[in-house]
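*Asks:* This is a predicted model, with the sequence first.
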2 protein chains.
Amino acid sequence: MDEKNFDEISQEIIALLDAKKYMSARDRILSLKEVDMAEALEEVIERLGLECAIILFRMLPKDVSVEVFSYLPSDDQLAVINVITDKEIKYIIDELDFDDMIDVLEELPANIVNKILEKSTKEERKQINTFLNYPEDSAGSLMTPDYISLQKDWTVGDALAHIKRVGMDSETVYTCYVKDHGRKLIGIVSLRTLVISEAERPIAGIINEDIVYVNVYADQEDASEMFKKYGYLAIPVVDNEMRLVGIITVDDIFGVIEEEYNEDFERMAGVLDSSDAEYLDIGVFKHVRNRLPWLVLLMISAMLTGGIIRHFETLLSSVISLAVYLPMLMGTGGNSGSQSATLIIRGMAVGDIEMRDALRVFWKELRVSFTVGLILSTLNMGKILFLDRESIWVAATVCISMVVIVTMAKCIGGLLPMFAKRVGIDTALMAAPMISSLTDLVSCLTYFTLASVVLRL
Amino acid sequence: MDEKNFDEISQEIIALLDAKKYMSARDRILSLKEVDMAEALEEVIERLGLECAIILFRMLPKDVSVEVFSYLPSDDQLAVINVITDKEIKYIIDELDFDDMIDVLEELPANIVNKILEKSTKEERKQINTFLNYPEDSAGSLMTPDYISLQKDWTVGDALAHIKRVGMDSETVYTCYVKDHGRKLIGIVSLRTLVISEAERPIAGIINEDIVYVNVYADQEDASEMFKKYGYLAIPVVDNEMRLVGIITVDDIFGVIEEEYNEDFERMAGVLDSSDAEYLDIGVFKHVRNRLPWLVLLMISAMLTGGIIRHFETLLSSVISLAVYLPMLMGTGGNSGSQSATLIIRGMAVGDIEMRDALRVFWKELRVSFTVGLILSTLNMGKILFLDRESIWVAATVCISMVVIVTMAKCIGGLLPMFAKRVGIDTALMAAPMISSLTDLVSCLTYFTLASVVLRL
């Protein structure tokens, strides 16, 4: 099933619903996979409204509807919860995988959560409450308590019989966890090892005790780093006493990686954390609050640049055409600096560049920027002399400034992120906006100082 | 095993090697996991040189050394290959997983590859050549031919016995593939299903025929999208005739995702594709070539901004303090525009924002930017009147310009990426550098036009 195919089917479903051909729409949507059904349902909500989508949702087989629900984005889940009956809510919550249920409960208003908890058993209530209390970005918030645990004194045959009995989802079954009597995790056995071992062999003989695990309160990014590094399908989550409390499966890590990168992108553009809400769902004032602090900070820096110009006002008023080249010098300085900063920030993020490489980075940026500066200067020399017909002194000022500015900008752009890391500031903050404000200041100062020397004023 | 622990052990290994205590260094490195051994070996190469690392590498048990080799970055692999004997090379190549071997061969110089191919059987040679020919970013270049294939007419018991016989790696064993006699893929059976089914049950009854697959020539990003969407552990790769040629496992997808994001980051900073080479390994002239084109393009745009200033030279020379506020207006315009562009580009990348949302984006940016502009103007009004002691007319010009510039910048920043997508240009190119050059032009024009009206010159 490819993307094109899906778009067609989803258009057909909308057309059928619009023509009130509900049974045909139902047959059409049932030809999709659950995750695609959820996407189609999203389209229906957006194009035909929630009521129409609910009609279709209720026509799905019950077990399918729960799966589809789990794939809906959280705002649509909430919208659905708000219009279906309590009985339907209870059914969905009961049938969802534990980690999906926790995700849903986290988004629901407290009164609905309480209503759901009232109907659960005491044991369930306790477990749900524990899970709801893990911090939002912790490993604990990602995990599921649905894993297979084996006893150390079982045989391979016992283990396989146990797995047959408890069933389990596909992502959680492939690694089994062996605990001691105090619930401490002592090792893992993969389903693969169980399948290729003789049935009468004791589990104790095939346990892998050299395990990678993550603490329940660790940052979820630590967990995602482990998945990237070791390529495992699941990683156990333990508490401070090494007791197994759940597992994280690889399919939940893609979301974490996406979040991480989005945070980096936003910080690099000087936008405060939008806490995972979608752009269009964030209100105008929240958008303003997220963007204003950086703009004000950068504006103050630009005011300092203005102060430098004021300082050189007499010089500027006698050679007014100096102002003509200012945007070009500042712009090129800013762009040069951002290029270097981005390369270094990414290099550090993926581990290609370490703190001890600072000198090598400096040396490389120095040579690159000098070459780039010379080439850009040459282009400018030609333009200023032959197109703008300015004096050789103005041309010389601009060209020398260009080399100095590009070199300084690239060295600042290359080293500042490393300095930020050293003193523990988020490196992504040292990206484009910050670097260009700083280089603007430096560019302006360099340009006017050089001009006052070269033009002998 | 946590990060801190690893750093300590790796420092110990270096100290031991430096003191020529090779056996102790070997014992120490063997306490690590293979992927960490590779990282430690990288450190040794960097700190003590290749020869010392090779001594340690040769002291590892043979099977361990192959695993460690597979985790080394490709430049270090090449360095190792260049100094070890042909016999050692042959052993490593033979023992590597097929997909890792192909990755190594792709990086090796042709003469070494030919030497290796000479020693392989005809069958191996054919398969290696086929794999080496898949384009670099294709699904084919990611896949491994090591998968488990089952016959449709087998029973569950036959299948499990077959798996026991062929063994297989942990990541490739969990989904088994059922082919017809023409090698066409007809369905999959998970190891989980096999384990929980009765041994005498025929495979035909438990096949899942509704499969997600990817074409061998599809872009590797298509494959990574499928993994993100469906959360599978492996996806089959087929040729144009639906014949199964290999599988991609989830652990190979993290690398693809990282590559994708790096490309986006680089494009957003106006750096040409660095084709996966590490920053420090790229030569000075290659760095210059990657960065110069964008700098020149943006410089030309900044020259146009300079042209606008030249046009208003008379106005500027009569009110020279107008120049003081130019960097602040241009800078704030650029930053406002980049913020919006980044949010929209990311929103489109993760699917939160679609083309049909253009009007909603415009309306949201209009309100956000007007509010932001008003606040920034108020701050400036105070500063210009009471700190700078400029005339009310200059203050009015700057403040009105600020509102207009921020509003225009945010609308340009919000809509240009969407326009780029519509006409099929990479949206990441419409990020910070491009947007700030454009807004510089607009800012400058707005400011001076408004000034000539307000100051009635």
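*Replies:* Structure's in. What do you need? Numbering: from 1, shown residues only, chains lettered A, B, ... in the order given.

*Asks:* quick one: the residue in the stretch 101-250 of chain A positioned nearest to chain B from A:Val250, how far?
*Replies:* Scanning the stretch 101-250 of chain A for the residue nearest chain B gives A:Gly231, at 3.2 Å (criterion: CB to the nearest CB). For glycine as for every other residue, the C-beta is placed from the backbone atoms N, C-alpha and C. When CB to CB, to the nearest Å is the yardstick, A:Gly231 and A:Val250 sit 9 Å from each other.

*Asks:* Show me which of the two is the more surrounded one.
*Replies:* More neighbours surround A:Val250 than the other of A:Gly231 and A:Val250, with 24 against 19 (other CB atoms under 10 Å in any protein chain shown).

*Asks:* Go ahead and confirm the more buried one touches B:Ala234.
*Replies:* No. Taking contacts as CB atoms under 8 Å, A:Val250 lies outside contact range of B:Ala234: 11.1 Å.

*Asks:* Find residues that contact each of those two.
*Replies:* B:Val250 (CB atoms under 8 Å, 6 or more residues apart in numbering or on different chains).

*Asks:* Skipping adjacent residues, who's closest to the residue of the stretch 101-250 of chain A closest to chain B in space?
*Replies:* Using CB to CB, 6 or more residues apart in numbering or on different chains and skipping the chain neighbours, the partner closest in space to A:Gly231 is B:Asp251 (3.2 Å).

*Asks:* neighbours around that neighbour, how many?
*Replies:* 18.

*Asks:* so what pLDDT did it get?
*Replies:* B:Asp251 carries a pLDDT score of 85 in this model.

*Asks:* same question, A:Asn290
*Replies:* Confidence at A:Asn290, expressed as pLDDT, is 80.

*Asks:* With A:Met268 instead?
*Replies:* Model confidence at A:Met268, expressed as pLDDT, equals 68.

*Asks:* pLDDT below threshold where in the stretch 251-400 of chain A?
*Replies:* A:268-277 (pLDDT under 70).

*Asks:* in it, which spans are helices?
*Replies:* A:253-268, A:284-311, A:313-318, A:322-349, A:358-382, A:392-422 (DSSP state H, counting those that start in this stretch).

*Asks:* Please apply the same query to the stretch 51-200 of chain A.
*Replies:* With DSSP H, counting those that start in this stretch as the criterion, the stretch 51-200 of chain A has helices at A:62-71, A:74-83, A:86-95, A:98-107, A:110-118, A:122-132, A:156-166, A:170-173, A:191-196.

*Asks:* A:Thr249: neighbour count?
*Replies:* Neighbours of A:Thr249 using other CB under 10 Å come to 25.

*Asks:* Which neighbours do A:Gly231 and A:Val250 have in common?
*Replies:* Jointly contacting A:Gly231 and A:Val250 under the rule CB under 8 Å, 6+ apart are B:Asp251.

*Asks:* Now do the spatially most central residue of chain A against B:Arg267, distance only.
*Replies:* To find the centre residue of chain A, average its C-alpha atoms and take the closest one (CA atoms, centre = their mean): that gives A:Glu259, at 1.9 Å. Per CB to CB, A:Glu259 is found 21 Å from B:Arg267.

*Asks:* same deal with A:Leu96?
*Replies:* Using CB to CB, we find A:Leu96 at a distance of 39 Å from B:Arg267.

*Asks:* neighbour-wise, which of the two wins?
*Replies:* Set side by side, A:Leu96 and B:Arg267 show unequal neighbour counts under other CB under 10 Å, the larger going to B:Arg267 at 22 against 18.

*Asks:* so how far is chain A from that one?
*Replies:* Distance, B:Arg267 to chain A, by CB to the nearest CB, to the nearest Å: 10 Å.

*Asks:* now A:Tyr232, what's its secondary structure?
*Replies:* coil (DSSP: H, G, I helix; E, B strand; the rest coil).

*Asks:* most tightly surrounded among the helices of the stretch 251-400 of chain A?
*Replies:* Mean neighbour count, computed with mean count of other CB atoms under 10 Å in any protein chain shown, is highest for helix A:322-349 among those, reaching a mean of 27.

*Asks:* Off-centre distance for it?
*Replies:* Shown here is helix A:322-349, whose average C-alpha point lies 25 Å from the average C-alpha point of the whole chain (CA atoms, centre = their mean, to the nearest Å).

*Asks:* now swap in stretch A:368-375 and tell me
*Replies:* Distance, centroid of stretch A:368-375 to centroid of chain: 35 Å (CA atoms, centre = their mean).

*Asks:* How about stretch A:247-258?
*Replies:* 11 Å.

*Asks:* residues in contact with it?
*Replies:* Residues external to stretch A:247-258 that are found in contact with it (CB under 8 Å, 6+ apart): A:99, A:139, A:142-144, A:146-147, A:171-172, A:175, A:177, A:214, A:220-221, A:223-224, A:227, A:232-237, B:227-228, B:231-233, B:250-251, B:254, B:257, B:350.

*Asks:* can you rerun that using 7 Å?
*Replies:* The set of residues that contact stretch A:247-258 without belonging to it, under CB atoms under 7 Å, 6 or more residues apart in numbering or on different chains, is A:139, A:142-144, A:147, A:171-172, A:220-221, A:223-224, A:227, A:233-237, B:228, B:231, B:250, B:257, B:350.

*Asks:* May I see the PyMOL selection of the buried members of those?
*Replies:* Selecting only the buried entries of those in PyMOL, with 16 or more other CB atoms under 10 Å in any protein chain shown as the criterion:
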select buried, (chain A and resi 139+142+143+144+147+171+172+220+223+224+227+233+234+235+236+237) or (chain B and resi 231+250+257)
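
*Asks:* host element of A:Val442?
*Replies:* Assessed by DSSP states H and E, A:Val442 sits inside helix A:432-454.

*Asks:* Could you chop chain A up by domain?
*Replies:* Following the assignment in automatic domain parsing, chain A carries domains at A:3-136, A:148-251, A:279-454.

*Asks:* in the helix or strand hosting A:Glu46, what's buried?
*Replies:* Assessed by DSSP H and E, A:Glu46 sits inside helix A:34-48. For helix A:34-48, burial by neighbour count (16+ other CB under 10 Å) applies to A:Glu34, A:Asp36, A:Met37, A:Ala38, A:Glu39, A:Ala40, A:Leu41, A:Glu42, A:Val44, A:Ile45, A:Arg47, A:Leu48.

*Asks:* just stretch A:20-27 next, same as before
*Replies:* A:Ala25, A:Arg26.

*Asks:* swap in stretch A:115-128?
*Replies:* Of the residues in stretch A:115-128, those buried by neighbour count under the rule 16+ other CB under 10 Å are A:Ile116, A:Glu124, A:Ile128.

*Asks:* By pLDDT, give me the weakest of these.
*Replies:* A:Ile116 (72).

*Asks:* my guess is it meets A:Ile93, correct?
*Replies:* Yes. The pair A:Ile116 / A:Ile93 is scored as a contact, 5.5 Å apart, by CB atoms under 7 Å.

*Asks:* Run through the residues of the stretch 101-250 of chain A sitting next to chain B.
*Replies:* Along the stretch 101-250 of chain A, the residues adjacent to chain B under the rule CB under 7 Å from any CB of the partner chain are A:160, A:163-164, A:167, A:170-171, A:173-174, A:190-192, A:195-196, A:212, A:228-231, A:233, A:250.
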